[in-house]
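Q: the sequence and its predicted three-dimensional model are supplied below.
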Amino acid sequence: MCRDISFHSDIEMVIRDFEGIKLAPGLANQFTDMVHVTCEAMPAHPIVVNRQMLALANMSWGVVPTFVTDLRERQVQRRNYVNARSERVIEDKTSYWHKLRNNRCLIPATGIFEHRKVKGFKNKIPYHVSIAGREQFYIPALYQVSKEIDPQTGEAYNFASFTMLTREANQKMMWIHNDGEHKHRMPLFLTKEMEQAWVLDDLGDDDMDEIFHYCIPSNDLVHYPVFSIRGSKAQPDGKGKDAPHDWGGKLPEYGADDSTLEQSSLF
């Protein structure tokens, strides 16, 4: 699963990448506070969506499982709906994601974070991963607009939420995301052309299936270790959470063979 991303950018870059896109109310001009965005907080995030017209609108990370009737339990269960396996969107016609397959959107990002288990370290090491040669990119996602009830006022309102699409990892991401229940998964990184196609009106099931089979080459991903991205630990030298951190030169290089420790914990 991918539960941490970075969007250290601004609206102007999205406007450049998607000509004619409309901006929904309430968007800030700068997203400098989104250097680290974690799904654990169910945050609102600027999402590229095509709903009769291309727009950039706030949505909350974690699709609401509308079949859960208890409102409190529904919010708890959302943490299981922050990622969706792309393999299930077309092939599994009984899945929640198959029903949402035409609700396609894109998550603007400048990087994603993933944790790696490394021999000799008690805690997993976070890595920043991005697409080589691109200032920012867009991760395909599915969205839902559900009717929710304000528990305090009892008023109904529309709530937009999204889930990030993932796939089996390539060699580099297998090396990084090497531990845990959902190891060897990665976001569905795409080419620029595929990103643009993802939000077209006439994208059919066969077209989506072709996109789902795309696996970005390992050499097209840039990675480096960073300091702790979760918790309240101060960043060294006051740097941002997406700044490189060499861990005293003790980390193995990509491709080096190393065994993993049984005992580990997330930051």
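A: Sure thing, it's come through. In this text the structure is predicted, and so the values were computed from the model without any measurement. Numbers count the residues shown, from 1 in each chain.
Q: tally up the residues packed near G204, please.
A: Look at G204: counted by other Cβ atoms under 10 Å, it has 11 neighbours. C-beta coordinates here come from the backbone N, C-alpha and C atoms, glycine included.
Q: no, scratch that, I was asking about H184
A: With other Cβ under 10 Å as criterion, H184 counts 15.
Q: and if you look at P236?
A: 10.
Q: repeat that for A24.
A: Neighbour tally, A24, other Cβ under 10 Å: 14.
Q: what are the ranges of the helices in the protein?
A: 11-17, 71-77, 86-91, 96-99, 171-176, 192-198, 205-212 (DSSP state H).
Q: the shortest one: how far from the chain's middle?
A: Using Cα atoms, centre = their mean, to the nearest Å, the mean C-alpha position of helix 96-99 is found 18 Å from that of the whole chain.
Q: quick check: buried residues in it?
A: Y96, W97 (16 or more other Cβ atoms under 10 Å).
Q: which of the helices of the chain has the lowest mean pLDDT?
A: Among the helices of the chain, helix 71-77 carries the lowest mean pLDDT, at a mean of 87.
Q: one step back: quick check: which of the helices of the chain is nearest to F159?
A: Nearest to F159, of all these, is helix 71-77, at 10.8 Å by Cβ to Cβ.
Q: what does the closest one contact?
A: With contacts defined as Cβ atoms under 8 Å, 6 or more residues apart in numbering, helix 71-77 is touched by M42, V64, P65, T66, V68, I149, P151.
Q: buried subset of those as a PyMOL selection?
A: Buried members of these, defined by 16+ other Cβ under 10 Å, are picked up in PyMOL with:
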select buried, resi 64+65
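Q: in this structure, which spans are strands?
A: 4-6, 22-23, 37-38, 44-50, 54-61, 83-85, 104-109, 111-116, 125-131, 137-149, 156-168, 185-187, 221-225 (DSSP state E).
Q: please name the strands paired to the second one in the sheet, noting orientation.
A: The reference is to strand 22-23. strand 54-61 (parallel) (DSSP bridges).
Q: so what pLDDT did E262 get?
A: For E262, the predicted pLDDT is 36.
Q: for the closest residue to I15 other than its chain neighbours, phi and psi?
A: Distances taken as Cβ to Cβ, 6 or more residues apart in numbering place I21 nearest to I15, at 6.0 Å, with adjacent residues excluded. Note on I21: its backbone torsions stand at phi -70, psi 140 [degrees, to the nearest 10].
Q: hmm, A57 and I21 touching each other?
A: No - counting by Cβ atoms under 8 Å, I21 sits too far from A57 to count as a contact (10.1 Å).
Q: so what sits against both of the two?
A: Counting by Cβ under 8 Å, 6+ apart, nothing touches both I21 and A57.
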